[in-house]
Every structure is written in C-alpha cells, then in structure tokens.
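Engineer: got a sequence here, can you model it:
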Amino acid sequence: MDFVSVRFVIFMSFAILAFHLCSKKYRAKLIMPLLNAFFILTFVKHPTELWPFALFLVTGFWCIKLMERFPTKKNAALTIGAILTLFIYVKKYAFFSIVPFMRGVYLTIGLSYILFRILHILIDIYGGAIKERFSALTFFNYTCMFLTFIAGPIQRFQEYQAVERNLGEKVPLKREDIRKDLSRIVNGYFKVTLLSPVFLFIFNEFFTRIDSARYEATSFILCVVYTGACFVYTLHLYCNVSGYMDIVVSLGRFLGLQLPENFNKPFLSKSFLEFWSRWHITLSNWFKFYVFNPIVKALIQRRNKAGLIPYYGVIAFFVVFFLVGVWHGSSPAFLIFGLFLGFGMSINKLYEVLLRRRLGKKAYARVCESRWHRALGSGLTYSYFSMGATCIWMDFDKLMWLFRKIGIFGLLGVFLLGGLLAASVIALFSVLICWRDAGYERLYFLGRNLYFRQGYLSLKAFILLLFLVSKSHSVPEFIYKAF
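Structural biologist: Residues are numbered from 1 along each chain as shown. Here you go, the predicted model:
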C-alpha cells in the first residue's frame, strides 16, 4: 500500500476510528492484528506470493519458542544461524549466486526489519533481558506492525511491550498535540511528494550526463557532474526517508503508539561518527547493542590493555558498518557500500583517538567546537556519505567503470569539491534558519494565534493537495522499501 494514496488515507482513517471507538480489550488482540494482516495483503497480487514470507515468520517464531524452552549458547547459535540463512536465501543475495534460489515473484518487503526484531528477541532471551513468553499474536503484532512494516523504525521489544500495554488505555488527544502532529504529517508529505521529486528530477539530469559521459566527457567534467549527482541524490534520499518517518511517527500518536525517532538533523553532524547517531538512529542503535558492544567486549576479554581499548572501537566500527552497508541491498554494489561505510567510520574513529591523544581532551574539545572545524566536518561528512550512497543508485558494473574513469585522484577531488559545496550550503541554511527564528520572534503574537496557525497549516495542505491531484506530478517510490 502506497503511503501517498487515497487507499492509505481511507485505511488510516478506519484504523484511527477503530482504535478510538472499540473496547480497549480488543485493540491489541483483534484490531491491531487485523490491520497488520490487511496492510501486508495489499502488497501481494496472489496468495502464493506470501508463502516465503510466511515461512520466514513461522521459522522465526519457532526459533523464539525453542530459545524460551532451552536458552543455551548452542541453541542461540543454531537459531540465529537458521534465521540468517533463511533471510539470505529468501532475499536472494547475489554474492551467494551458487545457491539455487527460489523462482517467481514473492513478498520480501519488510523482511529486513522483521529480521532485526527476531534477532533482537533471540539474543535478549539468551541474555536474560526478555523473560516473557511470546504468544503468536504478540509476535505477529511486534514484527509486522503496519506503521513500521516497510522501513521501521526498529523498536526494541521492551519498548513495544510498554506501548502494547497502553493500547488498552484511552488514547489522549489534546488540541495542541493534534495540531503539531497534523503539521508534521503535512510537512512529511511535503518532503515526500514535493521536495523529493524536485531533487530526483535534478538528479536524473546529472545521471543522464554521467551515463552519456562513457563516450564523450573528460574525467574533469565527469568529476563535476558526479559531484552534483551525489549532492542532489542525498537530498532526495533524505526528503524521501525522513518525510516517511514524519508521517509514520505522527500517525502513530493518533493511535496512542509512541514510536522512536529515526532522524535528528543529520547534515549538521560534525563527523561521520556523529552522522550515524543522527541518521537512521534505530538501525545504528541496534548494531551498537548487538554487534559493536559484543565485539569490543570480546576484544577486551582477549587482551585487556587500557591503551588498546580505543583501537578496539576502530575495528568494531569497521565490522559494524560493513554489515550496515551489506544489509542495504543484495547486489554486489552493496559490498562496496559496506566497505565504504566501514572504512569511513574506522578512519574517523582513528582520527579522533589520535588527535585526542596528541592534543589532550580539553584542547581536542576546543578544536571540535571551533567554527571552522564544525563547517569543514559537516561538509566532508555530507560529501563522504553522498559518495557512498552512489551504491544505491548505480549498479556494480557502472561503479567499476566510474572508478576506473576518474581514478583515485578524481575520487579525492569529488570528495573535497562535494565537501566544499555541502559546507557552503549548510552554512547558508544555518543563516536562513537564524533569520527565520528571528522573524518568528518579531511575529510571536501571530505564532500564538490559533487561527493563524490553522490557516498556515490549511494553506500547506491545500498546496500539497493541488500537487497530488495534478496528473503531471508523479511521486517517487519510497527508497527504503526495497531494503
């Protein structure tokens, strides 16, 4: 079901009414599973397309029940290995092409996020963090909740459990909260349906020139065009995914569901390390809890020297973000993405460790807070991530051609040019934000006026509606839907 469709509006209207009108004892046991099941069914054209998806869910539930009865280290390894193997098989990862994969079309949307939830449950049952017994209904609601089914956020079961208990309570709806949530939903649709298509259109112009550059462009021109493509695509990606999260998190509040935030102004990050604490936050937190911390702990147990501990983080960051990159897709291009992310994170961590050791903590903190360091760090962080995101919009063969065409110095030039461009745009944007906030202070009395706020919200909604009904306006697919 497309979030930008009349069908979704009708579906969500029914869901909100059902949650508010039905008896509290039916919300978690009847209303939620029916909504989840109906939402999933909208992605298939024939029931046979569901069986690999159903097999994955049943296998995950069976693994959880096995761990509940016998939470041993051997069973933890067995169940985690089984669910990972099945996931790789169903998703048809290209680097396991020697395996005869299933043929035909079947549902794979949402499997990546279901995988994280199942693995988290298995690990926490083994570690003793989860002691509750899972019913099939609780498992289905947690792994397949319709708001988080397509692309998260990835909520830990302990947090979801608290949310599910509150489903039985009356959903509080205050006027100011309703206005804020409606405003955020409209802003989310603005990003998805207006800003994202504009950036995608500009990106396609760059991409066309990159494609034609195989025969006619010099390496210098190709570097400039590639820089523009990377810069604009990242804006398209951000508007697409953060707009979706604005919609999902705000709609959840109307149902009494408190979903975690997934983005927090990532382009203001001063480093690549900080960037991943602001971009896809729940994904980063998942890998921090279940991959990064265990790796560092294992290395410390192997050789516990205080001077080596910061360097263990360098190793752990590489492994974690290599896996993050590979998770994003099943084609060979995402192996490159994983290596690119892992290298960037480990080098950033190594730079931080060495600079802090050389300057001392206080001097290092002063350098990091200096205006030039913040501007340069934000720009280079944006540039590095945007170059890595090339793996999302370019296949492996074209990537190899591009790297051979511009060479190592060309890539370095793209990185620096993109960093300079991004730093300039971020600085300009920061100035505009300051002017806007100053303007709000002068017009504070208007901002407090209920009619002004409602009128402003209605105007944005009306402009959005005009674009949606326009036959010449097409909305891009949600990007993370494919992961």
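
Engineer: quick one: contacts for the residue lying closest to residue 422 once chain neighbours are set aside?
Structural biologist: Nearest residue to residue 422 in three dimensions, chain neighbours excluded: residue 382, at 3.7 Å (C-beta to C-beta, 6 or more residues apart in numbering). The way it works is simple: take the backbone N, C-alpha and C, and place the C-beta from them, glycine included. Residues in contact with residue 382, defined by C-beta atoms under 8 Å, 6 or more residues apart in numbering, are 231, 234, 267, 418-419, 422-423, 426.

Engineer: repeat for residue 72
Structural biologist: Shown in contact with residue 72 (C-beta under 8 Å, 6+ apart): residue 126.

Engineer: between the contacts of residue 382, which sits nearest residue 122?
Structural biologist: The shortest gap between residue 122 and any of the contacts of residue 382 belongs to residue 234, at 34.5 Å (C-beta to C-beta).

Engineer: the closest one looks like it's in a strand, true?
Structural biologist: No. Going by DSSP: H, G, I helix; E, B strand; the rest coil, the assignment for residue 234 is helix, not a strand.

Engineer: offset the numbering so it begins at 635, please.
Structural biologist: I'll keep to 635 as the first residue from here, and by that count the last item is residue 868.

Engineer: any idea which helix or strand carries the nearest residue to it once chain neighbours are set aside?
Structural biologist: Nearest residue to residue 868, sequence neighbours excluded (C-beta to C-beta, 6+ apart): residue 1020, at 4.0 Å. Assessed by DSSP states H and E, residue 1020 sits inside helix 1005-1022.

Engineer: of the contacts of residue 1016, which pair is most distant in space?
Structural biologist: Spatially, the most separated pair among the contacts of residue 1016 is 868 and 1057, at 14.0 Å (C-beta to C-beta).

Engineer: more neighbours: which of the two?
Structural biologist: residue 868 (25 against 21; other C-beta atoms under 10 Å).

Engineer: ok, that one to residue 1027 distance?
Structural biologist: Relative to residue 1027, residue 868 is positioned 10 Å away (C-beta to C-beta, to the nearest Å).

Engineer: neighbours of the nearest residue to residue 773 once chain neighbours are set aside, just the number please.
Structural biologist: Leaving aside its sequence neighbours, residue 773 sits nearest to residue 695 (C-beta to C-beta, 6+ apart; 5.2 Å). When counting by other C-beta under 10 Å, one arrives at 18 neighbours for residue 695.

Engineer: who touches stretch 886-903?
Structural biologist: So stretch 886-903 is in contact with 649-650, 653, 779, 781-782, 786-787, 789, 793, 797, 800-801, 803, 805-807, 811, 815, 872, 875-876, 879, 882-883, 909, 911-917, 1011-1012, 1015-1016, 1056, 1060, 1064, going by C-beta under 8 Å, 6+ apart.

Engineer: what about that stretch, start to end distance?
Structural biologist: Terminal residues of stretch 886-903 are spaced 28 Å apart (C-alpha to C-alpha, to the nearest Å).

Engineer: secondary structure element for residue 1048, which one?
Structural biologist: Using DSSP H and E, residue 1048 sits in helix 1030-1076.

Engineer: that helix packs against which elements?
Structural biologist: helix 830-850, helix 853-888, helix 967-993, helix 1005-1022, helix 1024-1027 (3 or more C-beta pairs under 8 Å, 6 or more residues apart in numbering; DSSP states H and E).

Engineer: chain neighbours aside, what residue packs nearest to residue 946?
Structural biologist: Distance criterion C-beta to C-beta, 6+ apart; nearest residue to residue 946, sequence neighbours excluded, is residue 933 at 4.3 Å.

Engineer: got the contacts of residue 1016 as a markdown table, with pLDDT and distance to residue 852 columns?
Structural biologist: Shown next, in a markdown table, are the contacts of residue 1016 (pLDDT from 0 to 100; distance: C-beta to C-beta, whole Å):
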| residue | pLDDT | distance to residue 852 |
| --- | --- | --- |
| 865 | 95 | 20 |
| 868 | 96 | 25 |
| 901 | 92 | 31 |
| 1052 | 93 | 19 |
| 1053 | 93 | 22 |
| 1056 | 92 | 24 |
| 1057 | 91 | 26 |
| 1060 | 86 | 29 |
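
Engineer: surely the residue nearest to residue 946 is within a helix?
Structural biologist: Yes. When three-state DSSP is applied, residue 933 is found to be in a helix.

Engineer: pLDDT score for it?
Structural biologist: Predicted confidence (pLDDT) for residue 933: 91.

Engineer: wait, doesn't it sit right on residue 947?
Structural biologist: No. Using C-beta atoms under 8 Å, residue 933 is not in contact with residue 947, being 9.3 Å away.

Engineer: which one of the two is surrounded by more residues?
Structural biologist: residue 947 (20 against 17).

Engineer: contacting residues for the more buried one?
Structural biologist: By C-beta under 8 Å, 6+ apart, the contact set of residue 947 is 930, 983, 987.

Engineer: ok so it is a helix residue?
Structural biologist: Yes. Under three-state DSSP, residue 947 falls within a helix.

Engineer: quick check: the gap between it and residue 1003.
Structural biologist: 22 Å.

Engineer: repeat for residue 791
Structural biologist: 38 Å.

Engineer: for those two, indicate the residue with more neighbours.
Structural biologist: Using other C-beta under 10 Å as the criterion, residue 791 and residue 1003 rank with residue 791 on top: 21 against 10.

Engineer: so the more buried one is in contact with residue 755, correct?
Structural biologist: Yes. If you go by C-beta under 8 Å, residue 791 and residue 755 touch, sitting 5.8 Å apart.

Engineer: tell me, what's touching these two both at once?
Structural biologist: Among the neighbours of residue 791, those also in contact with residue 755 (C-beta under 8 Å, 6+ apart) are residue 764.

Engineer: show me the residue at the heart of this structure, geometrically.
Structural biologist: In the chain, the centroid-proximal residue (C-alpha atoms, centre = their mean) is residue 914; its distance is 3.8 Å.

Engineer: apart from its neighbours in sequence, what residue is nearest that one?
Structural biologist: Residue 914 sits nearest to residue 896 (C-beta to C-beta, 6+ apart), 5.9 Å away.

Engineer: and residue 753, by the same measure?
Structural biologist: In space, residue 753 is closest to residue 714, 6.3 Å off (C-beta to C-beta, 6+ apart).

Engineer: residues of the helix or strand that neighbour falls within that come out buried?
Structural biologist: According to DSSP H and E, residue 714 maps onto helix 707-725. For helix 707-725, the neighbour count (16 or more other C-beta atoms under 10 Å) marks 709-710, 712-714, 716-717, 720-725 as buried.
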